[in-house]
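Asks: The following comprises the amino acid sequence and a computationally predicted model.
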Amino acid sequence: MEYLNTQYLLDKRPRGMPSDECWKLHQQKITSLDKNEILIEVKYLSIDPYMRGRMNDGVSYASPAKLGEPMTGETAGVVVESRSNLYKVGDKVCTHKGWQTYVRTKDTDLALTKVPDNNHSLSLHLGTLGMPGRTAYFGLNRVAKPKQDDTLVVSAASGAVGSVVGQLGKIYGCRVIGIAGGPEKCTYVKEVLKFDECIDYKAGNLDEQIKKACPKGIDIYFENVGGAVTRAIAPLLNKNARVPVCGFISQYNEADMLNAETPFHVLGKLKPKPKHRFFVVHEWVDEFEAATELLSGYVSKGSIRYRETITKGFENAPQALRDVLSGKNFGKQIIEI
């Protein structure tokens with residue numbers, strides 16, 4: 001056996017938007033496997049906002065990506081060689097081994113999961129049936145705990161996480177307001193995803209738009225963006241409001257994140273303070289399989305719809321990440337290799 005693995009190694013840490021110089025292309029030959037190892041040919045690479053934070057070397061909820069190693073990221077692919085009793089050639093899998101075209105790994109690796117047999121595309125297991133979908137599910141159900149008739153506001157509503165949050169909210173009987181950038185995304189959120197309203201933050205008068213859309217205040221705000229959106233939301237949060245903080249993408253490129261105004265600064269000044277906390281989907285890792293099965297059922301029934309931006313070519317991964325960080329992508333951003 002001989003396979004040529006192409007990798008994007010993290011070469012330097014960015015200040016602001018990551019440039020191409022932050023990564024270095026590297027190739028290595030894979031000629032053998034040890035016992036209990038498999039080789040995966042990567043078909044799809046997930047591009048997600050959290051990657052920008054992992055490029056920094058500051059204190060965070062997760063260890064920073066290491067210089068000289070493949071850029072962090074989740075992939076989906078097919079087993080092409082196996083010395084394992086657990087995985088056979090042809091099995092479809094997802095793993096979290098970074099930006100590379102082949103993955104050599106032990107069959108006991110905790111980041112390795114077998115894709116269930118279903119009628120869904122492999123790429124969907126990096127989006128609605130993968131980490132973003134599970135993030136939406138657990139953030140909403142375990143942190144926000146929605147009730148019938150709650151007013152739920154979701155930022156980045158057309159994105160991989162926000163779109164699922166809002167659609168779950170509708171299933172649970174909430175009044176759902178999305179916030180997205182531009183008329184095309186807002187039309188999609190209302191007409192395809194069936195949110196009750198969608199606010200275009202690029203149209204101006206954000207404060208007034210949100211007040212008009214939420215005459216009874218806000219019971220749940222699912223935070224993905226931070227910045228001006230959070231400041232506009234804060235005064236409208238009702239008593240006993242809940243705010244799951246998934247991320248704050250508008251500030252990921254700040255040169256000095258330690259001194260940047262985060263949602264915690266804004267929400268912490270409110271009296272009374274809403275129930276709010278940052279969460280990481282791996283808090284519920286033992287429930288991943290059940291959540292994925294539930295989401296798969298919703299997709300099959302048409303209760304949850306999705307959209308993917310699939311960019312062909314491994315070499316386009318850096319630009320795809322910049323597109324995600326600047327809101328140029330639509331739905332879940334994926335690289336097809």
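Replies: Here it is on my side, so go on.
Asks: distance of the closest residue in space to residue 102 that isn't next to it in sequence from residue 135?
Replies: Closest residue in space to residue 102, ignoring its immediate chain neighbours: residue 5 at 4.1 Å, by CB to CB, 6 or more residues apart in numbering. All C-beta spots, glycine's among them, are computed from the backbone N, C-alpha and C. From residue 5 across to residue 135, the span is 29 Å (CB to CB, to the nearest Å).
Asks: in the chain, which residue is closest to the centre?
Replies: residue 132 (4.1 Å; CA atoms, centre = their mean).
Asks: dump the residue contacts of that one.
Replies: Applying CB atoms under 8 Å, 6 or more residues apart in numbering, one finds that residue 132 lies in contact with 48, 126, 159, 160, 161, 164, 332.
Asks: and if we set it to 7 Å?
Replies: Contacts for residue 132 (CB atoms under 7 Å, 6 or more residues apart in numbering) come out as 160, 161, 164, 332.
Asks: Next, it: secondary structure please.
Replies: Following DSSP: H, G, I helix; E, B strand; the rest coil, residue 132 is assigned to helix.
Asks: Let me know the pLDDT of it.
Replies: Looking at residue 132, its pLDDT reads 97.
Asks: circling back to that earlier point, residue 5 and residue 135 - which one has more neighbours?
Replies: Between residue 5 and residue 135, counting by other CB atoms under 10 Å, residue 135 is the more crowded of the two (26 against 18).
Asks: Neighbours of the closest residue to the more buried one other than its chain neighbours, how many?
Replies: Spatially, and ignoring its direct neighbours in sequence, residue 135 is nearest to residue 281 (4.4 Å; CB to CB, 6+ apart). A count of neighbours around residue 281, defined by other CB under 10 Å, yields 20.
Asks: which residues of the stretch 51-200 of the chain score low on pLDDT?
Replies: Within the stretch 51-200 of the chain, the segments meeting pLDDT under 70 span 59-61.
Asks: quick one, strands of it?
Replies: Here the stretch 51-200 of the chain has its strands, by DSSP state E, counting those that start in this stretch, at 75-82, 92-95, 102-106, 113-114, 151-155, 175-180, 197-200.
Asks: Could you list the buried residues of the third one?
Replies: Okay, so that is strand 102-106. 102, 103, 104, 105 (16 or more other CB atoms under 10 Å).
Asks: Kindly reformat those as JSON lines containing distance to residue 303.
Replies: Supplementary listing: those in JSON lines, determined by distance: CB to CB, whole Å:
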{"residue": "102", "distance to residue 303": "36"}
{"residue": "103", "distance to residue 303": "33"}
{"residue": "104", "distance to residue 303": "39"}
{"residue": "105", "distance to residue 303": "35"}
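Asks: From residue 110, how far out is residue 131?
Replies: Looking at residue 131 against residue 110, where the rule is CB to CB, the gap reads 14 Å.
Asks: Those two - which one has more neighbours?
Replies: Taking neighbours as other CB under 10 Å, residue 131 and residue 110 compare with residue 131 leading, 21 against 10.
Asks: Pretty sure that one sits against residue 74.
Replies: Yes: counting by CB atoms under 7 Å, residue 74 is a contact partner of residue 131 at 6.2 Å.
Asks: how close does the closest residue to residue 248 other than its chain neighbours get to residue 49?
Replies: Nearest in space to residue 248, with sequence neighbours left out and distances taken as CB to CB, 6+ apart, is residue 226 at 2.7 Å. Counting by CB to CB, the gap between residue 226 and residue 49 amounts to 11 Å.
Asks: now swap in residue 156 and tell me
Replies: The span separating residue 156 from residue 49 equals 9 Å under the rule CB to CB.
Asks: Could you pull out the residues contacting both of those two?
Replies: Between them, residue 156 and residue 49 share the neighbouring residues residue 249, with contact defined by CB under 7 Å, 6+ apart.
Asks: of these two, who's got more company?
Replies: residue 156 (27 against 22).
Asks: Surely the more buried one touches residue 162?
Replies: Yes: applying CB under 7 Å, one finds residue 156 in contact with residue 162, separated by 4.3 Å.
Asks: anything in contact with each of the two?
Replies: Both residue 156 and residue 162 are in contact with residue 224, where contact means CB under 7 Å, 6+ apart.
Asks: who does residue 75 bridge with?
Replies: Residue 75 has the following beta-bridge partners by DSSP bridges: residue 45, residue 95.
Asks: swap that for residue 6, please
Replies: In this structure, residue 6 has the following beta-bridge partners (DSSP bridges): residue 27.
Asks: That one touches residue 27, doesn't it?
Replies: Yes: under the criterion of CB under 7 Å, residue 6 is in contact with residue 27, at a separation of 5.3 Å.
Asks: Do you have the helices of the protein handy? List them.
Replies: Using DSSP state H, the helices found in the chain span residues 50-54, 131-138, 162-171, 183-191, 206-213, 227-233, 263-268, 288-301, 317-325.
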